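**Student:** Attaching a predicted model along with its sequence, questions to come.
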Amino acid sequence: MNSITFGRYSPYNTFVHKLDPRDKILLLILLMVSIFFRPAVWSTTVLISAALIIFMIVIMAISRVSILKLLKSLLSMWFLILVLFALYIFIPNATYTHVAFTINGYNVYWDSFYKCGYIIIRLILMLSLTMVLTSTTKPMDLTYAFEWYMTPLKVIKFPAHEIAMTTSIALRFIPTLLEETDRIMKAQSSRGVDFTHGGLFKRFRSLISLIVPLLVSAFQRSDELADAMEARGYIPNAKRSHYRKLTFSWRDIIAFLVVAAIFGGLLFVVLYDQKVANIDLFSLIFGINLGW
């Protein structure tokens, strides 16, 4: 459980840490949309995916987000990855044409590996972007940013501050609940509960011994948080002021221009790829035609 770093803020003094949280959320949305741009030619998609992975590695290095922790976090996705492989490989689409190998008369297609890899890489990129956001932004700053974006909705009496505060608390409680889960698992294991061996029914009973105390602990923590906020005079509907004012700086302009250039470049490549006779950028750049 300690390998999952989502929601944990790391206090460093990097370029990404100094960006305005409102700018970070906007850049996150642009990059999330960008990673799902899909050209018509598969090799162009591979080239774009490689460029996005390199860009993501550079961003993680600048923000000092550990790539090793990202790889450890991916271990929790192994079941999802296996399900995706099974769906794409054993339930092929009628449009698949490139046979990789045959098992007892059943054809396994390269198209299956390509489409499954496409989805997995996008999931990894999404997880990486989210880790960068939560690792470089304080939860309270995220609250201010969410509330700022929802300010126009206050005209229709939308509870912008309450929604933003709830979102921030939820993000803050993710690492807390993970630590609590790890503590309960160790306590139950010391009492003889086995979470890794046995049949399906035995493992289900072991999970019950984990889930029940975890829910009790979560409700207790929520009650303690509510009492603490009430003791400090927190009133959701009151007009609020902020101790720290959010301001845009030259860093935000540079970061926005870089991400906007990436977004525009990928959009141009996708539209051009679909319009001009399915041009193969991979073959055009490297001079290698793989015949797809």
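**Tutor:** Good, I have the coordinates. Fair warning: this is a prediction, and the values are worked out from it, not measured in the lab.

**Student:** List the contacts of Val58.
**Tutor:** Residues near Val58 by C-beta atoms under 8 Å, 6 or more residues apart in numbering: none. All C-beta atoms are positioned from the backbone trio N, CA, C, and that covers glycine.

**Student:** What score does it have for pLDDT?
**Tutor:** We have a pLDDT of 92 for Val58.

**Student:** Please, which helix or strand holds it?
**Tutor:** Element membership of Val58, judged by DSSP states H and E, is helix 42-62.

**Student:** list the helices and strands the helix or strand that that helix is followed by packs on?
**Tutor:** Downstream of helix 42-62, the first helix or strand assigned by DSSP H and E is helix 67-74. For helix 67-74, the packing partners by 3 or more C-beta pairs under 8 Å, 6 or more residues apart in numbering; DSSP states H and E come out as helix 42-62, helix 110-136.

**Student:** now the angle from the helix holding Val58 to helix 110-136?
**Tutor:** Interaxial angle, helix 42-62 versus helix 110-136 (axes from the mean of the first three to the mean of the last three C-alpha atoms, to 10 degrees): 20 degrees.

**Student:** Pull out the buried positions in helix 42-62.
**Tutor:** 42-49, 52, 55-56, 59-60 (16 or more other C-beta atoms under 10 Å).

**Student:** Looking at these, spot the one nearest Thr137.
**Tutor:** Ile59 (13.7 Å; C-beta to C-beta).

**Student:** Return the distance of the nearest residue to that closest one once chain neighbours are set aside relative to Asn107.
**Tutor:** Once flanking residues are discounted, Ile59 sits nearest to Val132: 6.0 Å by C-beta to C-beta, 6 or more residues apart in numbering. Plainly put, Val132 is 40 Å away from Asn107 if you go by C-beta to C-beta, to the nearest Å.

**Student:** same thing with Ala164?
**Tutor:** Distance of Ala164 to Asn107, computed by C-beta to C-beta: 52 Å.

**Student:** who's more crowded, those two?
**Tutor:** Ala164 (19 against 13; other C-beta atoms under 10 Å).

**Student:** what comes up buried for the strand or helix carrying that one?
**Tutor:** Assigned by DSSP H and E, Ala164 belongs to helix 160-190. Buried residues in helix 160-190, defined by neighbour count with 16+ other C-beta under 10 Å: 160-161, 164-165, 168, 171-173, 175, 178, 180-181, 184-185, 188.

**Student:** Does anything pack onto that helix? Which helices or strands?
**Tutor:** helix 139-149, helix 200-231.

**Student:** In JSON lines: those helices, plus mean neighbour count and distance to Thr95.
**Tutor:** Formatted as JSON lines, the helices and strands packed on helix 160-190 follow (neighbours: other C-beta atoms under 10 Å; distance: least, C-beta to C-beta, whole Å):
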{"stretch": "helix 139-149", "mean neighbour count": "19", "distance to Thr95": "40"}
{"stretch": "helix 200-231", "mean neighbour count": "12", "distance to Thr95": "37"}
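
**Student:** helix/strand/coil for Phe101?
**Tutor:** strand (DSSP: H, G, I helix; E, B strand; the rest coil).

**Student:** Check whether it really touches Val108, as I assumed.
**Tutor:** Yes: the criterion here is C-beta atoms under 8 Å, and Phe101 meets it with Val108 at 5.5 Å.

**Student:** Could you chop the protein up by domain?
**Tutor:** Annotated domains of the chain cover 1-152+247-292, 160-235 [automatic domain parsing].

**Student:** Including distance to Ser241, could those go into TSV?
**Tutor:** Converted to TSV, the domains of the chain look like this (distance: least, C-beta to C-beta, whole Å):
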stretch	distance to Ser241
domain 1-152+247-292	12
domain 160-235	12
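
**Student:** Only the buried residues of stretch 238-254, if you could.
**Tutor:** Asp252.

**Student:** just how off-centre is it within its chain?
**Tutor:** Mean C-alpha position of stretch 238-254 versus that of the full chain (C-alpha atoms, centre = their mean, to the nearest Å) differs by 25 Å.

**Student:** With just CA atoms, put it into CSV.
**Tutor:** The C-alpha trace of stretch 238-254 is given here as CSV (Å, rounded to 0.1, in the frame of the first residue of the first chain):
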residue,chain,number,x,y,z
ALA,A,238,-20.0,32.2,5.0
LYS,A,239,-18.2,34.7,2.8
ARG,A,240,-14.5,33.7,2.9
SER,A,241,-11.2,35.4,2.4
HIS,A,242,-7.9,33.7,1.7
TYR,A,243,-4.6,34.1,3.5
ARG,A,244,-2.7,33.3,0.3
LYS,A,245,-3.7,35.0,-2.9
LEU,A,246,-3.2,33.0,-6.1
THR,A,247,-1.4,35.0,-8.8
PHE,A,248,-0.2,34.0,-12.3
SER,A,249,3.5,34.5,-13.1
TRP,A,250,5.8,34.2,-16.0
ARG,A,251,6.3,30.5,-15.2
ASP,A,252,2.6,29.9,-15.8
ILE,A,253,2.8,31.7,-19.2
ILE,A,254,5.8,29.6,-20.3
